[in-house]
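Novice: give me the fold of what follows.
(one chain, ligands or ions: 1)
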Amino acid sequence: MLGFKIRNNSQNFIKNFFSKQIHNWIRKDPDYHRAFMLLFDCLPTQIQDELARKKDLIFIKMDGQFASTIEADKKKSIILIYEDLLKLFKGPRFPQGVAVLAHELGHILRNHAKRHISILDSQFEADQFAIEVGFEEELIDFLSDNIDKGDCKIRLENILVNK
Ligand SMILES: [Zn+2]
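Specialist: Modelled structure (predicted):
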């Protein structure tokens, strides 16, 4: 697995992210904190800069299944984190949970709220983003474990076909 050390050039983005009061629930839980640190640590500097510059990125905890992304307006991107995803962070499937977070970031960074592409294509692109930042194996594991849920089966097939 990858290390958790913060690169110098990304300290501002990460510091700013965790200093938001709305992210107290992440900062105060060691498992959630570790998940987000791992995710950010995997993002290239260029992507961290993009997130820091253009987006007010907010993660909110909710009841429901895994996670979803909302673009509230041009500047605010909200990712809803549901109970099922939080459970992954508390057990051996922790890396799968981080892959799901990476997928959600993919929706934001690929501007899916503003582009007219199908839901399925946006799912494929978000998966591609997660793969690009290093979570291919973890994403495949996640989709395999949830093969009977939603669009997981077709997403898994898409990844395996393009491998
Ligand atoms: Zn998605």
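Novice: the chain: strands as residue ranges?
Specialist: Per DSSP state E, the chain carries strands over the ranges 56-62, 67-71, 76-82.
Novice: the shortest one near the ion at all?
Specialist: So that's strand 67-71. No: in terms of Cβ under 5 Å from the ion, no part of strand 67-71 sits within range of the ion; the closest distance is 6.7 Å. C-beta coordinates here come from the backbone N, C-alpha and C atoms, glycine included.
Novice: most centrally placed residue in the protein?
Specialist: The centroid of the chain falls nearest to residue 101 when counting by Cα atoms, centre = their mean (1.9 Å).
Novice: any idea how far the closest residue to that residue other than its chain neighbours is from residue 65?
Specialist: If the residues on either side of it in the chain are set aside, residue 101 comes closest to residue 39, at 4.9 Å by Cβ to Cβ, 6 or more residues apart in numbering. Relative to residue 65, residue 39 is positioned 20 Å away (Cβ to Cβ, to the nearest Å).
Novice: then residue 156?
Specialist: Taking Cβ to Cβ as the measure, residue 156 falls 17 Å from residue 65.
Novice: who has more neighbours out of those two?
Specialist: Shown here are residue 156 and residue 65; by other Cβ atoms under 10 Å, residue 156 has more neighbours (19 against 12).
Novice: which pLDDT value goes with the more buried one?
Specialist: You'll see residue 156 listed with a pLDDT of 98.
Novice: wait, residue 59 touches residue 76, no?
Specialist: No: with contact defined as Cβ atoms under 8 Å, residue 59 does not reach residue 76; the gap is 12.0 Å.
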